[in-house]
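Peer 1: Starting from these lines, generate the structure:
(2 chains, ligands or ions: 2)
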Amino acid sequence: MIMRPSNKVVTLVILAAIILIAPIFFPSSYYFRVGSLIFVNGLAVTGLVILLGYAGQISLGHAGFVGIGAYACALAPVHLGLHPALAAILGAFLSAVIAFLVGRPILRLKGYYLAVASLGFGILVSMVLSNEAQLTGGPDGMPVPELGLRAGLKTIGIDLSNTEFWYALSGLVLVVGAWLALNLYDSSTGRALRALHGSEVAARTVGIDVAHYKLQAFIISAVYASVSGSLLALQNKFVTPDIAGFLHSIEMVTMAVLGGAGSVFGAILGGAILTTLPQVLTVFQEYEQLMLGLIMMLVMIFMREGLLPAIARRLRGRGE
Amino acid sequence: MSLLQIEGLGIDFGGLRAVNDVGFSLKPGEIVSVIGPNGAGKTTLFNMISGIYAPSRGRVVLDGEDVTRLPPHLLARRGLSRTFQNLQIFQSMTVLENAVAGHHLHDRGSVFADLLALPASRRRTRASEASARALLDRVGLGRACQQEAGSLSYGALKRLEIARALALKPRVLLLDEPAAGCNAVETEEIDHLIAQVADEGVSILLVEHDMKMVMRISNHIVVLDHGEKIAEGEPAAISRNARVIEAYLGAQATEVQNADG
Ligand SMILES: Nc1ncnc2c1ncn2[C@@H]1O[C@H](COP(=O)(O)OP(=O)(O)OP(=O)(O)O)[C@@H](O)[C@H]1O
Ligand SMILES: [Mg+2]
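Peer 2: Ligands and ions are numbered 1, 2, ... in the order given. Predicted structure coming up:
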């Protein structure tokens, strides 16, 4: 699907409307929890859209950055005495630095070579988190301090339950993340990324420093992943190394590709579906995993470009 | 004073000497054509000049500076731009975006400004869009702006590549078979466009199999065969050169006869 400038406004308005209106239909507070999980996943996947959808570069190790963001919120308040919000910012900064150092050598690789190298990075992070047991509590994980913002809001008269608060905060961060990604799409940087995706050789001949822009996309998407990890850790108030694991990386890429890696809204939709589908599919009991796998295969076979772009194309086709 | 100077340029692929000891020069506003049979090494020569291949021997001098083995994006900054024989289009971008992407060196700025859509960033994009529209009008694609580039015909994509290359505001423009796959009318339009661009002072290096076009617009012709320069001179002299006729023009003439008959 080709995004027009107006698509930015449309996407943001629809996204904000869904976030604001959905709670009216929530029968229990459990749904706020599911909602905030969707937003947190959506944020990480939006970052991947910049790397995968715009620049066409794969990473199977982005959960590593999710882990860095999550553990920053667990460790920095205890060891550095930082406020958890500042710890999240420190995590994002650290992720950017590590993405810079890791991205430079591995982004020279292409296709499945890059996939394997990035996979290695993700595994490395989750190994460190599991093995440094004195610091991280090892595979059993460790507690994460309370963000404290909710109490602050209460003093100014905004009284939200815990699940409502996290729904609102994650939703807000997701909208900001989507806004930034959509701004990027239609800018010089975004065009450079999409150009090198289309033809690296042509991108270079119009003056695009391909290595530089790939690295930028990698760093930006790492920061998205890190913030998503921080939000997840802070709302769960607990974190285990699984958050940085290989399965989580794969899940993120699957969400992006299933929804439509080229569009921000599609990727968020993919995140929403893969977050909720397993819960919906519990009606199939022991066949749950089987159904999930089957649905994923069918989507990719019949809607190669992803759910949202395929649906949009079909709707447009009917309109003409 | 020559703007682009090629000296003893050569490259080997394994045992194959694809190009060997080729030299010539290009003055501002001049149109130099490189002709020769299929596989003569024309595209390979372009790839060396534009930094895509690293030559095994020789030098490329641009405006007095040795630019041999400089990567393409740095050559672009020095005013060298090109099109491709085998199209290199940004397929999933619109026609307009393809042409805007050619303005990269004129509209790039801080990534933070781009993320936040600061006024400066939006202004840069708008300026590039205005310039891109004018260029697309110039190559006859003004009305296709919002189409997905992948949906254009081959001839239209060739012109889109020219618009994108012109977006750099180049000093030297390399065109690799710009008229291939175009009908007679389109070929004539491209012919005019090239002459116009050269009139504005841009030096043009052209590879083209359409001999009528080459003979009409070139100031100077370089003939390659099996990677070697076999002749060089003005169009009239080249069309009479016995070696050139034997290696290339003879075959072209037969082809034309066959096509006509
Ligand atoms: N990357 C490469 N690796 C190996 N051989 C190559 C490579 N690029 C070109 N060649 C060889 O170099 C020779 C010259 O090819 P080139 O494409 O430059 O010819 P050309 O003159 O552009 O022909 P045409 O008129 O068909 O476009 C050919 O024998 C080709 O097979
Ligand atoms: Mg060629």
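Peer 1: low-scoring pLDDT stretches of chain A, where are they?
Peer 2: Chain A contains residues with pLDDT under 70 at A:1-6, A:317-320.
Peer 1: wait, what's in contact with residue A:250?
Peer 2: Residues near residue A:250 by CB atoms under 8 Å, 6 or more residues apart in numbering or on different chains: residue A:60. For every residue, glycine as well, the C-beta is placed using N, CA and C.
Peer 1: one more time with 10 Å
Peer 2: A:60, A:62-63, A:119, A:122 (CB atoms under 10 Å, 6 or more residues apart in numbering or on different chains).
Peer 1: what's near enough to touch residue 161?
Peer 2: Using chain A here. Taking CB under 10 Å, 6+ apart, we find residue A:161 in contact with A:29, A:32, A:150, A:167.
Peer 1: not quite, I wanted chain B
Peer 2: A:202, B:82-85, B:87-89, B:98-99, B:102, B:139, B:175-176, B:178.
Peer 1: give me that answer again for 8 Å
Peer 2: Listed by CB under 8 Å, 6+ apart, the contact set of residue B:161 reads B:83-84, B:87-89, B:178.
Peer 1: Can you tell me the SS state at it?
Peer 2: Three-state call for residue B:161 (DSSP: H, G, I helix; E, B strand; the rest coil): helix.
Peer 1: before we move on, what about residue A:11?
Peer 2: Residue A:11 ends up helix, using three-state DSSP.
Peer 1: ok, and the closest non-adjacent residue to it?
Peer 2: residue A:265 (4.7 Å; CB to CB, 6 or more residues apart in numbering or on different chains).
Peer 1: pretty sure the one you found is touching residue A:309, no?
Peer 2: No - judged on CB atoms under 8 Å, residue A:265 makes no contact with residue A:309 at a distance of 9.9 Å.
Peer 1: out of those two, which sits in the busier spot?
Peer 2: Between residue A:265 and residue A:309, counting by other CB atoms under 10 Å in any protein chain shown, residue A:265 is the more crowded of the two (25 against 20).
Peer 1: Let me know the distance separating the more buried one from chain B.
Peer 2: 17 Å (CB to the nearest CB, to the nearest Å).
Peer 1: separation between that residue and residue B:134?
Peer 2: Residue A:265 sits at a distance of 33 Å from residue B:134 (criterion: CB to CB, to the nearest Å).
Peer 1: Residue B:112 now?
Peer 2: Distance from residue B:112 to residue B:134, by CB to CB: 30 Å.
Peer 1: One more: residue A:315?
Peer 2: Counting by CB to CB - residue A:315 and residue B:134 are separated by 34 Å.
Peer 1: Which one's more surrounded, those two?
Peer 2: Neighbour totals were compared for residue A:315 and residue B:134, and residue B:134 leads with 14 against 9 (other CB under 10 Å).
Peer 1: Is residue A:16 in a helix, a strand, or coil?
Peer 2: helix.
Peer 1: Settle this for me: it is touching residue A:175, isn't it.
Peer 2: Yes - between residue A:16 and residue A:175 there is a contact under CB under 8 Å: 5.6 Å.
Peer 1: can you give me the helices in the stretch 51-200 of chain A?
Peer 2: Along the stretch 51-200 of chain A, the segments classed as helices by DSSP state H, counting those that start in this stretch run A:63-79, A:84-106, A:111-131, A:133-136, A:149-155, A:162-185, A:188-198, A:200-205.
Peer 1: what residues does chain B put near ligand 2?
Peer 2: Residues of chain B found near ligand 2 (CB under 5 Å from the ion) are B:42-43, B:85.
Peer 1: what sits against residue B:210?
Peer 2: Residue B:210 is in contact with B:179, B:187, counting by CB under 8 Å, 6+ apart.
Peer 1: what separates it from ligand 2, distance-wise?
Peer 2: Separation of residue B:210 from ligand 2 (CB to the ion, to the nearest Å) stands at 14 Å.
Peer 1: So for that residue, what's the pLDDT?
Peer 2: Looking at residue B:210, its pLDDT reads 91.
Peer 1: Mind pulling up the pLDDT for the nearest residue to residue B:226 once chain neighbours are set aside?
Peer 2: Nearest non-adjacent residue to residue B:226, counting by CB to CB, 6+ apart: residue B:40, 6.6 Å away. We have a pLDDT of 94 for residue B:40.
Peer 1: Please report the residue range of the longest helix in the chain.
Peer 2: Chain wasn't specified; assuming chain A. helix A:210-236 (DSSP state H).
Peer 1: Actually, chain B is the one I wanted.
Peer 2: Max-length helix for chain B by DSSP H is helix B:119-138.
Peer 1: So is that one next to chain A?
Peer 2: Yes - between helix B:119-138 and chain A, judged by CB under 8 Å from any CB of the partner chain, the touching residues are B:121, B:124-125, B:128.
Peer 1: for stretch B:3-18, same thing?
Peer 2: No - taking CB under 8 Å from any CB as the criterion, stretch B:3-18 and chain A are apart, separated by no less than 15.4 Å.
Peer 1: Spit out the contact partners of residue A:98.
Peer 2: With contact set as CB under 8 Å, 6+ apart, residue A:98 has these partners: A:65, A:68, A:222.
Peer 1: which of these tops the neighbour count?
Peer 2: Counting neighbours by other CB under 10 Å, residue A:65 comes out on top of the contacts of residue A:98 with 36 neighbours.
Peer 1: Contact partners for that one?
Peer 2: A:95, A:98-99, A:125, A:221-223, A:225-226, A:229.
Peer 1: Most neighbours of all those, which one?
Peer 2: residue A:225 (35 neighbours).
Peer 1: So it is in contact with residue A:59, correct?
Peer 2: No - using CB under 8 Å, residue A:225 is not in contact with residue A:59, being 9.1 Å away.
Peer 1: Now do the shared contacts for those two.
Peer 2: residue A:48.
Peer 1: Looking at the contacts of residue A:250, which is nearest residue B:184?
Peer 2: residue A:60 (51.8 Å; CB to CB).
Peer 1: And the closest one, how far from residue B:152?
Peer 2: Remark: distance between residue A:60 and residue B:152 (CB to CB) = 35 Å.
Peer 1: cool, residue A:38 as well?
Peer 2: Counting by CB to CB - residue A:38 and residue B:152 are separated by 39 Å.
Peer 1: Need the residues of chain B next to ligand 2 in TSV (columns: neighbour count, distance to residue A:303 and secondary structure).
Peer 2: Formatted as TSV, these follow (neighbours: other CB atoms under 10 Å in any protein chain shown; distance: CB to CB, whole Å; DSSP: H, G, I helix; E, B strand; the rest coil):
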residue	neighbour count	distance to residue A:303	secondary structure
B:42	25	43	helix
B:43	20	38	helix
B:85	16	35	coil
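Peer 1: Show me what counts as buried in stretch B:78-88.
Peer 2: Under the neighbour-count criterion of 16 or more other CB atoms under 10 Å in any protein chain shown, stretch B:78-88 has B:79-85, B:87-88 buried.
Peer 1: Quick check: the two most widely separated of these?
Peer 2: The largest distance within the buried residues of stretch B:78-88, taken as CB to CB, falls between B:79 and B:87 and amounts to 23.0 Å.
Peer 1: tell me which element residue A:297 is part of?
Peer 2: Using DSSP states H and E, residue A:297 maps to helix A:288-302.
Peer 1: That's all I had, so thanks and see you.
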